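# sequence and computational prediction follow.
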Amino acid sequence: MADAEIATLLILCSGAAGLLFALYNVLQVSRVKMPLTRQGSQEHSEILAAEDATTLKVAEITASIARGANSFLFSEYRILAIFIVGFGLVVFFALGTANGWVNGTFSALSFVLGGCTSIASGYMGMKAAVYANGRTCLEARKGYSSAFNTAFRAGAVMGFGLVSFGLIILFVAIALFKTYYDSLDDDKEEAYRDLYEAVAGYGLGGSSIALFGRVGGGIYTKAADVGADLVGKVEQDIPEDDPRNPAVIADNVGDNVGDVAGMGADLFGSFAESTCAALVIASTATNAHGVSLVTSWEFMMFPLLITAMGILVCILTSFVATNVLPVHKEADIEPTLKRQLIISTVLMTPLLYGLATAFLPSDFFISEPDRKSVRAVNVFICVVCGLWSGLIIGYVTDYFTSHAHGPVHDVATSCNTGAATNIIYGLALGYKSTIIPAVCLAVTIYWSYKLAAIFGVAIAALGILSTLAIGLTIDAYGPISDNAGGIAEMAGLGPEVRERTDALDAAGNTTAAVGKGFAIGSAALVSLALFGAFIARVSQEDDSISVVNILKPYEFAGLLVGSMLPYAFSAMTMKSVGLAALAMVQEVRRQFREIPGLMEGTADPDYETCVSISTKASLKEMILPGVMVMGTPLLVGFIFGVHALAGLLIGNLVSGVQMAISSANSGGAWDNAKKFIEQGNQGGKGSASHKAAVVGDTVGDPLKDTSGPSLNILMKLMAIISLVFSPFFAKYGGILN
């Protein structure tokens, strides 16, 4: 085995390299001169050199978007700060009474640290996006290459900054906690197991903040989007992002707070939870002689080493897009983005073998839930299964949602007979698109469990997320390009610039759908790994839970209730979008009706009122879904016990995966069918088919950008809550029994 110092050095150097690469990309983007300065308490644009009037207009619009995004996130984060403190105290007292005050203290600290890191991750992504969207718009005047590189590099600031920051914070937390546990006179093996159990709070903090970020941001962006599209495109017959539309600024703000900040917090949560699940399970391992491996630093750091190696691979991969095989024309954009996924996956595969053979014993045993003999090469196969299944799921998602393929063409054709047939075709497409991902996940889970028990499933989840830095880069690229197109329309940059930004946006839509496929696949594996860690932990107190028998009444009842939760959650979030969109539609209609000269372009709309409607609605409506997700496992575990809770988690996972895939893919297909028609197909813009497509797109908006992505967090968050509170449930749960 390689020694502990090499493992530590590799993790820290990779994290530092990722942060430096993010800084390098900030400097590259900043070379496009459109400075933003702060005067008093408000951010505003200031042209520091002799710039043309168009640049000034772009800067003013960018500043308006930045102000709206900052206002929403600060309002949201004030609420979440109260939540972090309050729920942190719940973690402290619940685990302190059940598992000792030391464990309760470190679990609460981990929770607070995870929550703060998630907030910082989301805010970092938003700042990178609003810094680059106007610059991408200006670079589109020069051509595809400059605009693409600006948007891609801004996405890399988010991707590499978030993953590297999260990795370093988690590593430093483990190292600092370890110094305290080393000072104890207790048995070191038991103390270290308590350490990694306490660190699971980091994943809980990250995922709980991600839930509110995804739901709140999703409600914000889709309320504005639906209101802008229904009144602007369908009723007033004006172009998308037309400056006469009162909801257009709120729509562009929503891209940053929902699709960027919310997505960043979501995928940070996936990284934190999958790593914590692997650490908890790995702490039960022993070597061939029966000696615990929990004191082996290099063995326990293996989950973090996967992420560290992924950062280095993704740095090399990103240069292919910007320097080796750059974009020159429209046809290059989408292949360049997809090439990133393939190259990073291919490069990671042999390096993962090197990691497994260097840092893992040739043979070892995983003790929970059953003693399982595992070889280092088995772990390598598990990681690779996750890595390649993520790529397959991503490309299946691309096939069902890209307007380059038949399924979306069929949806577009169905618009010829109206919105009803469009919606029918889109729903059918979403349901059908679950088949291959479900089979792929089933195969990955089967072989991972067979080769390395539940540890293999946790490692497979880390395999999907091993190239997270480049996946996040591509995800963030999409909203940045979308904003650039909106700014180009509002600033009146001309049809050739809008054509370029539309091409960037269309490719971003497809790769965003691919990113959602990755997120869903990783969420399924992470949830199962967390479930396994939960079972392993409670079985230490109660042998009867080591095997979950769904034929028993508590387990089966929990299974039914758990499978219902994704539907209840989706109903709540979709209705929230509908309520907010209703208020937005009424306000936009009022302004068109009451502001003289608005349609003629001689009067300005009241953008701020629409921004305020989205902000207030999203902050209000995100509370109840969050309470349901976090409260359900706590109530079930405390009142009915761990058997019912185990059934609840299984039902939630199985139902949630299918619903998340179908929701995301139906929404993506409707969106791209609309864009396919706007390219001149099936009658083009303004036709009856186009209006039917807009209706389908607005139906799909909350599915693909609010309910669908939030279901990932629903699955993960309920599982991590169960794991973190498992000592409390094992000791005090099941009061009705």
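Nice, thanks for sending it over.
# when you work out contacts or count neighbours from here on, use the C-alpha atoms and nothing else.
Noted.
# what residue ranges in the protein are flagged as low confidence?
With pLDDT under 70 as the threshold, the chain has low-confidence stretches at 1-2, 35-52, 185, 368-370, 542-544, 546.
# tell me which residue lies farthest from the centre of it.
The outermost residue of the chain relative to its centre, with distances by CA atoms, centre = their mean, is P596 at 42.6 Å.
# assign the closest residue to that one other than its chain neighbours to helix, strand or coil.
The shortest distance from P596 to any non-neighbouring residue, by CA to CA, 6 or more residues apart in numbering, is to A603 (6.9 Å). Here A603 takes the coil state, with states given by DSSP: H, G, I helix; E, B strand; the rest coil.
# so what's the backbone phi/psi at A603?
Here is the backbone geometry of A603 (degrees, to the nearest 10): phi -130, psi 150.
# what packs against the longest helix anywhere in the chain?
In the chain, with assignment by DSSP state H, the single longest helix is helix 53-99. Contacts defined by 3 or more CA pairs under 8 Å, 6 or more residues apart in numbering; DSSP states H and E place helix 53-99 against strand 42-45, helix 101-139, helix 248-254, helix 468-491, helix 607-621, helix 726-732.
# tell me which of those lies nearest to M158.
helix 101-139 (4.8 Å; CA to CA).
# what's the angle between the closest one and helix 53-99?
Inter-element angle recorded for helix 101-139 and helix 53-99: 170 degrees (by axes from the mean of the first three to the mean of the last three CA atoms, to 10 degrees).
# please compute how far helix 101-139 lies from its chain's middle.
12 Å (CA atoms, centre = their mean, to the nearest Å).
# check stretch 228-240 too.
On CA atoms, centre = their mean, the centre of stretch 228-240 falls 30 Å from the chain's centre.
# do the same with stretch 547-557
32 Å.
# same check, this time on stretch 498-511
Distance, centroid of stretch 498-511 to centroid of chain: 21 Å (CA atoms, centre = their mean).
# ok, and what's touching that stretch?
With contacts defined as CA atoms under 8 Å, 6 or more residues apart in numbering, stretch 498-511 is touched by 137, 140, 143-144, 147-148, 330, 333-334, 337-338, 398, 401-402, 474-475, 477-479, 481-482, 484-485, 488-489, 668, 672, 675.
# do stretch 323-337 as well
With CA under 8 Å, 6+ apart, stretch 323-337 has contacts from 144-145, 148, 320-321, 474, 500, 503-504, 507-508, 511.
# which stretches in the stretch 151-300 of the chain count as strands?
285-287 (DSSP state E, counting those that start in this stretch).
# swap in the stretch 351-500 of the chain?
363-366, 372-375.
# mind listing what the first one pairs with, with the direction of each?
Here the strand partners of strand 363-366, with direction, are listed using DSSP bridges: strand 285-287 (antiparallel), strand 372-375 (antiparallel).
# export those to JSON lines and tack on mean neighbour count and distance to G104?
Listed next are these as JSON lines, based on neighbours: other CA atoms under 10 Å; distance: least, CA to CA, whole Å:
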{"stretch": "strand 285-287", "mean neighbour count": "20", "distance to G104": "24"}
{"stretch": "strand 372-375", "mean neighbour count": "20", "distance to G104": "30"}
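# of all those, which one is nearest G96?
strand 285-287 (25.7 Å).
# now that closest one, how far from the centre of its chain.
Offset of strand 285-287 from its chain centre (CA atoms, centre = their mean): 34 Å.
# quick one: end-to-end distance for stretch 278-291.
Stretch 278-291 has an end-to-end distance of 19 Å (CA to CA, to the nearest Å).
# one more: stretch 541-555?
Taking CA to CA, stretch 541-555 runs 18 Å from one end to the other.
# go through the helices and strands packed on helix 53-99 and name the closest to Q679.
Q679 lies closest, by CA to CA, to one member of the helices and strands packed on helix 53-99: helix 468-491, at 15.1 Å.
# does V585 sit in a helix, a strand or a coil?
Recorded secondary structure, V585: helix (three-state DSSP).
# that one: neighbour count?
23 (other CA atoms under 10 Å).
# okay, now the closest residue to it other than its chain neighbours: neighbour count?
Sequence neighbours aside, G227 is the residue nearest to V585 in space, at 4.6 Å (criterion: CA to CA, 6+ apart). By the measure other CA under 10 Å, the count of residues near G227 is 30.
# re the thing from before, just give me the closest of the contacts of stretch 323-337 to G203.
I474 (23.7 Å).
# now the residue nearest to R153 when sequence neighbours are not counted: how far from T322?
Distances taken as CA to CA, 6+ apart put N25 closest to R153, at 5.4 Å, once the chain neighbours are dropped. Separation of N25 from T322 (CA to CA): 11 Å.
# so between those two, which is more surrounded?
N25 (21 against 18).
# in which helix or strand does that one reside?
Using DSSP states H and E, N25 sits in helix 4-30.
# run the angle between that helix and helix 101-139 for me.
Going by the same axes, to 10 degrees, helix 4-30 makes 30 degrees with helix 101-139.
# about what we covered before: in a markdown table: the helices and strands packed on helix 53-99, plus distance to V379 and mean neighbour count.
Below are the helices and strands packed on helix 53-99 laid out as a markdown table (distance: least, CA to CA, whole Å; neighbours: other CA atoms under 10 Å):
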| stretch | distance to V379 | mean neighbour count |
| --- | --- | --- |
| strand 42-45 | 50 | 16 |
| helix 101-139 | 27 | 26 |
| helix 248-254 | 41 | 30 |
| helix 468-491 | 19 | 29 |
| helix 607-621 | 43 | 21 |
| helix 726-732 | 27 | 22 |
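# report the contact partners of G159.
G159 makes contacts with 468-473, 476, as judged by CA under 8 Å, 6+ apart.
# one more: N672?
401-403, 408, 506, 509 are the contacts of N672 under CA under 8 Å, 6+ apart.
# picking up where we left off before, drop anything exposed from the contacts of stretch 323-337.
For those, a burial check counting by 16 or more other CA atoms under 10 Å picks out 144-145, 148, 320-321, 474, 500, 503-504, 507-508, 511.
# biggest separation within those residues, which pair?
Across the buried ones among the contacts of stretch 323-337, the longest distance by CA to CA is 21.2 Å; it joins V320 and R500.
# count the neighbours of the residue nearest to L305 when sequence neighbours are not counted for me.
Using CA to CA, 6+ apart and skipping the chain neighbours, the partner closest in space to L305 is I11 (6.1 Å). For I11, the neighbour count with other CA under 10 Å is 24.
# now do Q679
13.
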